[in-house]
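Student: Pasting a predicted model and its sequence here:
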Amino acid sequence: MATDTQKETLGFQTEVKQLLHLMIHSLYSNKEIFLRELISNSSDAVDKLRFEAVSNADLLAQDPNLRIRVEFDKEAKTIVIDDNGIGMTREDAIANLGTIAKSGTASFLEKLSGDEKKDSQLIGQFGVGFYSAFIVADSVAVETRYAGAATNEAVRWVSDGSGEFTIENIEKETRGTRITLHLKAEELEFAENHRLRTLITKYSDHISIPVEMEKVVYPEMDEEGNPKPVDENKAPEFEAVNSAKALWTRGRNDVTEEEYKEFYKHVSHDFQDPLKWSHNKVEGKLEYTSLLYIPSKAPYDLWNRDMQRGLKLYVQRVFIMDEAEAFLPPYMRFVKGVVDSNDLSLNVSREILQNDSAVDSMRSALTKRVLDMLTKMSKNEPEQYQAFWDEFGNVIKEGPADDMGNKDKIAGLLRFSTTKDDAPEQTHSLANYIERMPEGQDKIYYIYAENHNTAKNSPHLEILRKKGFEVLLLSDRIDEWMMSSLQEFDGKSFQDVTKGKLDLEEDSSEEAKKAKEEQAEKMKPLLDRMTEVLKEKVTAVKTTDRLTSSPACLVVGEYDMGLQMRRLLEQAGQQLPESKPSLEINPEHPIVVKMDVESDEERFTDMAWLLFEQATLSEGGQLEDPATFVSRMNKLIVQLSQ
Ligand SMILES: Nc1ncnc2c1ncn2[C@@H]1O[C@H](COP(=O)(O)OP(=O)(O)OP(=O)(O)O)[C@@H](O)[C@H]1O
């Protein structure tokens with residue numbers, strides 16, 4: 001009876017519709033990947049079943065030989081991908097094959113440009129998965145039965161990919177999922193033995209269970225050399241087309257570059273080649289194998305420290321869980337791959353992983369492994385490393401605070417924009433910076449501002465530029481946080497050029513000292529007058545040797561929080577204890593010279609405020625009362641032109 005099947009028609013989530021539309025158009029030139037994606041899903045489903053079977057062996061009983069099968073029928077114009085994995089319940093099928101659970105998908109899809117080439121790269125990093133079936137099929141049927149469910153508890157899901165799907169209950173003899181693709185008229189080339197075998201070996205050779213196809217049976221010949229009639233009733237025989245060995249269990253020399261790349265696409269759901277990988281077998285106190293990959297492109301949610309991350313965990317070749325995050329620190333959340341341990345128990349849970357000493361040791365070894373891989377790349381393949389840095393640099397910058405033990409190694413990996421070329425690109429290493437240090441420079445100078453131009457044009461850099469001292473130009477949000485965890489590199493301490501005393505006197509002779517004292521004495525009345533005007537905003541007004549062409553700049557105390565960090569925290573709603581900067585003025589600047597002899601108190605007050613306000617603006621700050629600043633400016637301009 002029709003009602004018994006509980007057939008219903010449901011709509012796809014809006015995001016699925018958008019993704020399908022984009023995928024069909026932008027992956028047109030690479031459509032063969034549908035097979036890789038479906039086999040990859042089947043392999044995951046089999047992995048999950050094997051894991052469940054660890055505690056419930058009955059699940060495997062009737063059909064113990066785990067495998068994936070690819071079948072085709074030229075006349076019916078179909079390809080079938082059949083697995084005896086975990087399968088899906090009705091609810092699973094509705095949720096998994098009609099929605100995208102990954103958060104942020106909608107905003108990601110909005111960012112796509114409509115440019116097919118670019119979009120195909122982006123869709124690729126998102127992982128195309130099941131929906132790629134619709135690149136070659138105009139109708140897809142999924143028949144599936146959850147492991148352990150009764151034969152009459154299976155479901156059939158059918159869709160033409162245009163916005164809706166139907167789902168109904170069916171009988172299914174076997175456990176697992178059988179996907180039938182009804183090929184589009186122009187894609188019939190895929191329903192062909194040789195073509196499918198080539199695709200399986202190209203993309204899915206590394207899958208650890210057999211991917212089978214029907215054996216081609218050549219008819220036997222009779223004595224006269226004529227083919228004997230074929231027994232139509234004989235069940236077809238299947239044979240594995242792939243090598244069916246977990247790739248990471250093979251020796252490094254037995255795995256080709258192409259195989260490593262395809263395996264990466266399977267574990268990461270990425271679509272592009274990885275940038276680098278490292279495959280290692282560790283023996284001794286702990287025994288494990290790791291295969292770690294660095295992707296070539298950052299995922300769209302990399303900024304999010306809570307994004308799903310981690311390695312695929314296997315215990316003695318049995319898949320245990322995806323995204324086991326305990327094996328790498330958060331600042332390595334971009335790393336993909338596999339870890340296969342011989343020491344953990346098969347029923348290990350996420351909670352156990354968090355508090356396990358073997359996992360701790362593996363985590364620190366794997367962290368070192370990634371750092372070494374990056375260090376090597378930075379030395380031997382600087383261009384490739386630069387590409388890495390441009391994608392992932394901002395996460396590596398979380399490293400010094402996250403992982404104190406490896407601070408020096410991480411510092412060696414950092415790349416900066418500097419006053420060497422003033423370019424915004426972050427290309428200079430600290431080691432190169434130190435190599436370039438001129439005689440007399442013993443610190444690594446840096447400035448942090450809200451954006452590159454503010455940093456580059458800051459008055460604080462004037463004296464350092466004059467002396468030929470290079471300064472790191474920092475303007476990423478994470479930078480100030482990162483610098484607060486870095487004290488020194490290669491024996492050289494870091495110095496924020498906007499903080500404390502710079503100690504850059506050119507001349508330390510007695511005469512110079514004396515001249516300075518005399519000047520300070522001479523300037524004292526001016527400084528006192530200015531301090532009186534600005535006392536609510538600054539701790540003091542002082543003379544400076546930071547400046548050569550600007551009249552004034554703001555300086556915070558050596559141990560005070562930087563002005564940018566303060567602003568950031570205040571924006572985030574934090575209450576901070578009040579702390580005022582000091583205003584440093586350039587005694588040789590014509591405005592300062594003029595102020596010294598200004599007898600009109602009102603004009604003097606305006607000028608003092610203007611110096612304070614322009615110093616605030618030039619370090620990227622905001623004025624509390626911009627309208628008064630403008631009217632002060634206008635007043636002075638009018639006076640000037642009279
Ligand atoms: N052969 C299968 N057996 C059991 N479940 C499956 C099978 N194929 C797909 N699924 C389920 O459907 C979900 C969605 O699959 P889909 O390929 O779209 O996404 P994914 O595998 O999670 O990630 P990606 O999109 O990156 O491939 C899977 O996570 C899985 O739960």
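Tutor: Arrived safely.
Student: now the strands for the stretch 351-500 of the chain?
Tutor: For the stretch 351-500 of the chain, the strands defined by DSSP state E, counting those that start in this stretch occupy 417-418, 443-448, 471-474, 488-489, 492-496.
Student: For Ser278, give me phi and psi.
Tutor: The phi and psi values for Ser278, taken as degrees, to the nearest 10, are phi -140, psi 120.
Student: Apologies, that question was intended for Glu258.
Tutor: The phi/psi pair for Glu258 (degrees, to the nearest 10) is phi -60, psi -40.
Student: where does it sit relative to the ligand, distance-wise?
Tutor: Distance of Glu258 to the ligand, given as C-beta to the nearest ligand atom, to the nearest Å: 20 Å. C-beta: built from backbone N, CA, C; applies to glycine.
Student: One more: Leu27?
Tutor: 13 Å.
Student: One more: Asp340?
Tutor: Asp340 is 21 Å from the ligand, where distance means C-beta to the nearest ligand atom.
Student: would that residue count as being in a strand?
Tutor: Yes: per DSSP: H, G, I helix; E, B strand; the rest coil, Asp340 lies within a strand segment.
Student: What strand or helix carries the closest residue to it other than its chain neighbours?
Tutor: Nearest in space to Asp340, with sequence neighbours left out and distances taken as C-beta to C-beta, 6 or more residues apart in numbering, is Tyr314 at 4.0 Å. In the assignment (DSSP states H and E), Tyr314 maps to strand 311-315.
Student: what about that strand, average pLDDT?
Tutor: For strand 311-315, the mean pLDDT works out to 93.
Student: Counting by contacts, list what that strand packs against.
Tutor: On a contact count with 3 or more C-beta pairs under 8 Å, 6 or more residues apart in numbering; DSSP states H and E, strand 311-315 meets strand 318-324, strand 336-341.
Student: For the stretch 201-350 of the chain, what lies in contact range of the ligand?
Tutor: Residues of the stretch 201-350 of the chain found near the ligand (C-beta under 6 Å from any ligand atom) are His269.
Student: For the stretch 201-350 of the chain, which segments count as strands?
Tutor: Going by DSSP E, counting those that start in this stretch, the stretch 201-350 of the chain shows strands at 211-214, 238-240, 276-282, 288-294, 311-315, 318-324, 336-341.
Student: what's the angle from the fourth one to strand 311-315?
Tutor: What it means is strand 288-294. 170 degrees (axes from the mean of the first three to the mean of the last three C-alpha atoms, to 10 degrees).
Student: circling back: comparing the helices and strands packed on strand 311-315, which comes out most buried?
Tutor: Mean neighbour count (mean count of other C-beta atoms under 10 Å) peaks for strand 336-341 among those, with a mean of 24.
Student: who touches it?
Tutor: 246, 248-249, 264, 267-268, 270, 274, 277, 286-293, 295, 311-317, 324, 327, 358, 362, 366 (C-beta atoms under 8 Å, 6 or more residues apart in numbering).
Student: cool, and stretch 613-620?
Tutor: Residues contacting stretch 613-620 (C-beta under 8 Å, 6+ apart): 449-451, 454, 457-460, 498, 550-554, 563-564, 583, 622-623, 629, 632.
Student: cool, and stretch 221-236?
Tutor: Contacts of stretch 221-236 with the rest of the structure, by C-beta under 8 Å, 6+ apart, involve 214-215, 217, 219-220.
Student: Check those residues for the minimum pLDDT and say which it is.
Tutor: The member of the contacts of stretch 221-236 with the lowest pLDDT is Pro219, at 75.
Student: Which residues does the nearest residue to it once chain neighbours are set aside form beta bridges with?
Tutor: Closest residue in space to Pro219, ignoring its immediate chain neighbours: Pro227 at 3.8 Å, by C-beta to C-beta, 6+ apart. Using DSSP bridges, the bridge partners assigned to Pro227 are Met221.
Student: And Pro227, how far from Lys74?
Tutor: 20 Å (C-beta to C-beta, to the nearest Å).
Student: count of neighbours near Pro229?
Tutor: Pro229 has 9 neighbours, counted by other C-beta atoms under 10 Å.
Student: go on, Asp625?
Tutor: Other residues near Asp625 come to 11 when the count uses other C-beta under 10 Å.
Student: measure it to Tyr260 for me?
Tutor: To Tyr260, Asp625 is 62 Å away according to C-beta to C-beta.
Student: do the same with Ile637
Tutor: Taken as C-beta to C-beta, the span from Ile637 to Tyr260 is 67 Å.
Student: Who has more neighbours out of those two?
Tutor: Tyr260 (19 against 10).
Student: Excluding residues flanking it in the chain, which one is nearest the more buried one?
Tutor: Trp277 (5.7 Å).
Student: shouldn't that neighbour be in contact with Tyr293?
Tutor: Yes: using C-beta atoms under 8 Å, Trp277 makes contact with Tyr293 at a distance of 4.6 Å.
Student: shared neighbours, these two?
Tutor: Common neighbours of Trp277 and Tyr293 (C-beta under 8 Å, 6+ apart) are 264, 337.
Student: Neighbour count for the two, which is higher?
Tutor: More crowded of Trp277 and Tyr293, by other C-beta under 10 Å: Tyr293, with 27 against 18.
Student: Dump the helix or strand encompassing Thr198 to CSV, restricted to CA.
Tutor: Per DSSP H and E: Thr198 is located in helix 193-203. Provided in CSV are the C-alpha atoms of helix 193-203 (Å, rounded to 0.1, in the frame of the first residue of the first chain):
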residue,chain,number,x,y,z
ASN,A,193,34.3,-0.4,-17.7
HIS,A,194,37.7,1.0,-18.6
ARG,A,195,36.8,4.6,-17.8
LEU,A,196,35.5,3.7,-14.3
ARG,A,197,38.5,1.5,-13.5
THR,A,198,40.9,4.3,-14.5
LEU,A,199,39.0,6.8,-12.3
ILE,A,200,39.1,4.4,-9.3
THR,A,201,42.8,3.8,-9.7
LYS,A,202,43.5,7.5,-10.2
TYR,A,203,41.4,8.9,-7.3
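Student: packing partners for it?
Tutor: helix 33-55, strand 68-73, strand 211-214, helix 257-268.
Student: Give me the buried positions along that helix.
Tutor: 196-197, 199-200, 203 (16 or more other C-beta atoms under 10 Å).
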